[in-house]
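**Q** this one's structure only:
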């Protein structure tokens, strides 16, 4: 009885939560039912050799997003696999969250062409956090160098699938890559947005492939 009472107190205080919920959306079903809405991109559903379905976003001049319109996210973990290209300045791929519209959201994205660069400065720009519209990468790099973008160790292969796990809790964002136990990036959110839509994100001049989305909320 004492243990139950202690747990109840902790839950009431917000220190423990037993209401976690994990979903793994079927991306092919979302695509077919029209629940993936694109901004400045065309999305297509591709089949891999192993039978898995992949959402592909084509290349356009400006950045683009594929919003998953039925999914809202506040705090918890977002996991997904993403694949870009080893083409300098032509591969920016990641995920937007806490989105309210096409210009107001936070995002984590990767620059695969920098993963294994021999140049330290470029390698240090492998994973990036942004918060639009107020805090895009040029402002963050100028005012807070090396704070909102980091290298990934060990560095993934630039043209292979990578697994990203992003945790958002108490306005802190952590990014784990390829099941590493240590985060590649840890930042405090710069926006006051606490909930919103999730969307696959690609930068200017970029295409990208996405699969295996998993969301745990609490």
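**A** Thanks, I have it. Please read all numbers here as calculations on a predicted model, not as lab measurements.
**Q** which intervals of this structure have sub-threshold pLDDT?
**A** Applying pLDDT under 70 to the chain flags the ranges 1-19.
**Q** Let me see the ranges of the helices in it.
**A** Using DSSP state H, the helices of the chain run over 2-12, 27-32, 120-123, 137-143.
**Q** Nearest residue to the middle of this protein?
**A** What sits nearest the mean C-alpha location of the chain, by CA atoms, centre = their mean, is residue 95, with 3.2 Å.
**Q** Do I have it right that that one meets residue 81?
**A** No. The criterion here is CB atoms under 8 Å, and residue 95 misses it with residue 81 at 11.1 Å. Where you see a C-beta, it was placed from the backbone N, CA and C, and this is true even at glycine.
**Q** any shared contact partners between these two?
**A** residue 164 (CB atoms under 8 Å, 6 or more residues apart in numbering).
**Q** Identify the residue nearest residue 128 in space, chain neighbours excluded?
**A** residue 149 (4.4 Å; CB to CB, 6 or more residues apart in numbering).
**Q** now that neighbour: how far from residue 142?
**A** Per CB to CB, to the nearest Å, residue 149 is found 12 Å from residue 142.
**Q** can you pull the contacts of residue 39?
**A** 64, 65, 66, 67, 102, 199.
**Q** make it 6 Å
**A** 64, 65, 102 (CB atoms under 6 Å, 6 or more residues apart in numbering).
**Q** Could you dump these into CSV with distance to residue 194 and neighbour count added?
**A** As requested, those are arranged in CSV below (distance: CB to CB, whole Å; neighbours: other CB atoms under 10 Å):
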residue, distance to residue 194, neighbour count
64, 25, 25
65, 19, 24
102, 19, 17
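**Q** All set now, cheers.
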